[in-house]
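In: I would like to see how this sequence folds:
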Amino acid sequence: MVVSIFIYWKVKGKEKIYKYNYEATKLAIKRAFSREPSVGEVLGR
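Out: Alright, predicted model coming up:
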């Protein structure tokens, strides 16, 4: 499973970044359990 998040310590509006990272992590977990995208799709990119 691959999860990419954004961290920049000097940013204003940390709540917005937290929410974005939280949603991205949930989506990555959902896709991992659904095996989406397939390994072939990832390697083909």
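
In: and V11, helix, strand or coil?
Out: Following DSSP: H, G, I helix; E, B strand; the rest coil, V11 is assigned to coil.

In: Next: the one 10 residues further on.
Out: Secondary structure state of N21, per three-state DSSP, is helix.

In: what sits against the nearest residue to it once chain neighbours are set aside?
Out: Distances taken as Cβ to Cβ, 6 or more residues apart in numbering place I5 nearest to N21, at 4.2 Å, with adjacent residues excluded. Where C-beta positions appear, they are placed from N, C-alpha and C, glycine not excepted. Going by Cβ atoms under 8 Å, 6 or more residues apart in numbering, I5 touches N21, A24, T25.

In: hmm, 10 Å instead?
Out: I5 makes contact with I17, Y18, Y20, N21, Y22, A24, T25, A28, according to Cβ atoms under 10 Å, 6 or more residues apart in numbering.

In: what's the answer for A28, then?
Out: By Cβ under 10 Å, 6+ apart, the contact list for A28 reads M1, V2, V3, S4, I5.

In: Number of residues surrounding the fourth one?
Out: Neighbouring residues of S4 were enumerated by other Cβ atoms under 10 Å; the total is 8.

In: Please report how far the nearest residue to it once chain neighbours are set aside lies from Y18.
Out: Using Cβ to Cβ, 6+ apart and skipping residues adjacent in sequence, the residue nearest S4 is A24, 7.0 Å away. Shown here: A24 relative to Y18, a distance of 11 Å by Cβ to Cβ, to the nearest Å.
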